[in-house]
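1. Curious how this folds, go ahead:
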Amino acid sequence: MSRPTLRIVLIATAALAGTKVWLQDRYHRAIYDEALMAAYQGKAAASCQKELERRWVRLGALTLSPLGVRIGNPETPVALWDTNNPLWDVRYRHPHVMLAAAPRGDIQCAFDIVAGLASVDISATQ
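-> So this is what the prediction gives:
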């Protein structure tokens, strides 16, 4: 084999390996998200409804629909390198079930599965 042919084979093999890793990651995340939503959607909806009723009574009854699963809470003020901070796991490791209010798109709720707490974000814009 000549050198240009060998380069093409090497590049094609690297592209196939990269595609395989990417597809496995996508499938793993999709299955993980689906399993967490199926397991915790009811508990998350109940906790988010309680939080909405407790802090935002004037909004009335809202129907919550699932948005997906997020790993970590970006609103927690912890730096990536601050691994000794007690909130580091909340910021970068805890899975959160994300729900949104059906009649209004500007209300989102994040339910921390590990801590069992819901946080409502009214400022999310449409």
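2. host element of P66?
-> Secondary structure from DSSP states H and E places P66 in strand 64-71.
3. And I31, by the same measure?
-> Counting by DSSP H and E, I31 is part of helix 3-55.
4. Taking the centroid of this protein, which residue is nearest it?
-> The centre of the chain sits closest to R70, judged by CA atoms, centre = their mean, with a distance of 1.0 Å.
5. Return the residues in contact with that one.
-> Contact partners of R70, counting by CB atoms under 8 Å, 6 or more residues apart in numbering, are 95-96, 98, 110. Every C-beta, even on glycine, is put in place using the N, C-alpha and C of the backbone.
6. what's the spacing between Q41 and P77?
-> Distance of Q41 to P77, computed by CB to CB, to the nearest Å: 28 Å.
7. between these two, who's got more neighbours?
-> Of the pair Q41 and P77, Q41 is the one with more neighbours under other CB atoms under 10 Å, namely 16 against 9.
8. number of nearby residues for L10?
-> Using other CB under 10 Å, L10 has 10 other residues around it.
9. quick one: secondary structure of L80?
-> What DSSP: H, G, I helix; E, B strand; the rest coil gives for L80 is coil.
10. what does P77 give?
-> At P77 the chain is in coil, as set by three-state DSSP.
11. Next up, phi/psi of it, please.
-> The phi and psi values for P77, taken as degrees, to the nearest 10, are phi -80, psi 80.
12. what does V97 give?
-> Main-chain torsions, V97, degrees, to the nearest 10: phi -90, psi 120.
13. Can you tell me how far it is from L52?
-> For V97, the distance to L52 (CB to CB) stands at 15 Å.
14. If you count surrounding residues, which of those two has more?
-> Using other CB under 10 Å, the more surrounded residue of V97 and L52 is V97, with 26 against 21.
15. which residues does that one contact?
-> Neighbours of V97 in contact, by CB under 8 Å, 6+ apart: 36-37, 40-41, 44, 66, 69, 110-111, 113.
16. Can I get the buried part of these as one PyMOL selection?
-> For the buried members of the contacts of V97, the matching PyMOL selection, counting by 16 or more other CB atoms under 10 Å, is:
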select buried, resi 36+37+40+41+44+66+69+110+111+113
